[in-house]
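In: Need a 3D model of the following:
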Amino acid sequence: MKKLFLVLAVIGAILPYIFFIRHFSSEGFGLTGFVSAVFVNPAAGGFTTDLLVSSGIFWIFMFLERSRKKGPNPLLFILLNLFIGLSCALPAYLYAREGLSPREES
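Out: Below you'll find the predicted structure:
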């Protein structure tokens, strides 16, 4: 499973950037324009809201797992989530979590 999570993290990093690069090359690098684009219509807004809620739940899960000493430090995965997306951060977290030995978990 560990190798699968790594492959999924790489795919989850590449696919969103195909769309991000297209957006930024046509619209420029601006947070206001980007936020306007992700809420451009109700369908896009629904997907964006779903992603934001799912990301928040993922962050809570990571901090709970860290407090139980069952997961890696969440900081890297929060950065991945913010700068790439949940499609990369979640499988990367699962990859890192698979790599924890019983000694590292306690």
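In: What ranges does this protein have for its helices?
Out: 2-27, 31-38, 42-67, 75-83, 86-98, 102-105 (DSSP state H).
In: export those helices to a markdown table and tack on mean neighbour count and mean pLDDT?
Out: For the C-beta atoms, the positions are set from N, CA and C on the backbone; glycine is no exception. Shown next, in a markdown table, are the helices of the chain (neighbours: other CB atoms under 10 Å; pLDDT from 0 to 100):
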| stretch | mean neighbour count | mean pLDDT |
| --- | --- | --- |
| helix 2-27 | 14 | 94 |
| helix 31-38 | 12 | 90 |
| helix 42-67 | 13 | 96 |
| helix 75-83 | 16 | 97 |
| helix 86-98 | 21 | 96 |
| helix 102-105 | 8 | 50 |
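In: How about the contacts made by the residue positioned nearest the centre of the chain?
Out: The centroid of the chain falls nearest to residue 86 when counting by CA atoms, centre = their mean (2.2 Å). Under the criterion of CB atoms under 8 Å, 6 or more residues apart in numbering, the contact list for residue 86 reads 12, 51, 54, 55, 58.
In: Residue 74 now?
Out: 59, 62, 63, 66, 93.
In: Try it again at 6 Å.
Out: Counting by CB atoms under 6 Å, 6 or more residues apart in numbering, residue 74 makes contact with 62, 63, 66.
In: Next: residue 65.
Out: Counted by CB under 6 Å, 6+ apart, residue 65 has contacts residue 71.
In: picking up where we left off before, is it possible to export the contacts of residue 74 to JSON lines including distance to residue 45?
Out: Shown next, in JSON lines, are the contacts of residue 74 (distance: CB to CB, whole Å):
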{"residue": "62", "distance to residue 45": "26"}
{"residue": "63", "distance to residue 45": "27"}
{"residue": "66", "distance to residue 45": "32"}
